[in-house]
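**Q** how would this look folded up:
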Amino acid sequence: MYIPTDNSVIVSQIVNKVGFYVGGQYFTSYPYPYAYTTPYTLVNRFGGEVKLFNDVSLMVGGYQKNMGMSYPPNQIKPEMWIKTRIANTLSNKTNDLDVVSIFRVSQEFYYGIGIYVKW
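**A** The predicted structure follows:
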């Protein structure tokens, strides 16, 4: 799932009713006083996932927030996401391929969209 407001990607795996997720951000540069232009990624999200209903799941975990020049420079913050499979919810069918929407309901509001593929 791609989160455009945070420039990050989240990948989740769920088996039966319980699973996990991991995610990361993609950076291309830092603001002043740094002047890096080499792109790099940072894995900074992790947590668990629980299926609430057929097509709705709750993802709870934490993310590493870069606090800049403050001490400590990085802090682990809690986060909670709600993930919904859109086509399954609207059609009441179980599809192997679906579109997923995701909303973060803790602290700042983030949203994202992705693809669900059944393994």
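**Q** Show me where this protein dips below the pLDDT cut-off.
**A** The model of the chain has pLDDT under 70 over residues 28-40, 66-73, 95.
**Q** which stretches of it form strands?
**A** Assigned by DSSP state E, the chain shows strands spanning 2-3, 8-15, 18-27, 40-51, 56-66, 74-85, 97-104, 110-117.
**Q** How about the third one, which residues are buried there?
**A** This means strand 18-27. If you call a residue buried by 16 or more other Cβ atoms under 10 Å, then strand 18-27 has these buried ones: 19, 21, 23, 24, 25. Every C-beta, even on glycine, is put in place using the N, C-alpha and C of the backbone.
**Q** Just name the closest of those residues to residue 94, please.
**A** residue 19 (17.1 Å; Cβ to Cβ).
**Q** need the contact list for that closest one.
**A** Going by Cβ atoms under 8 Å, 6 or more residues apart in numbering, residue 19 touches 12, 13, 48, 49, 50, 51, 57.
**Q** Verify the contact between the first one and residue 21 for me.
**A** So the one you mean is residue 12. Yes - using Cβ atoms under 8 Å, residue 12 makes contact with residue 21 at a distance of 3.9 Å.
**Q** give the contact list for residue 78.
**A** 60, 61, 62, 106.
**Q** Tell me how far the third one lies from residue 51.
**A** In other words, residue 62. Distance, residue 62 to residue 51, using Cβ to Cβ, to the nearest Å: 20 Å.
**Q** still on that earlier bit, and the strands of the chain as TSV, adding distance to residue 91?
**A** Below are these laid out as TSV (distance: least, Cβ to Cβ, whole Å):
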stretch	distance to residue 91
strand 2-3	23
strand 8-15	20
strand 18-27	23
strand 40-51	18
strand 56-66	15
strand 74-85	10
strand 97-104	10
strand 110-117	14
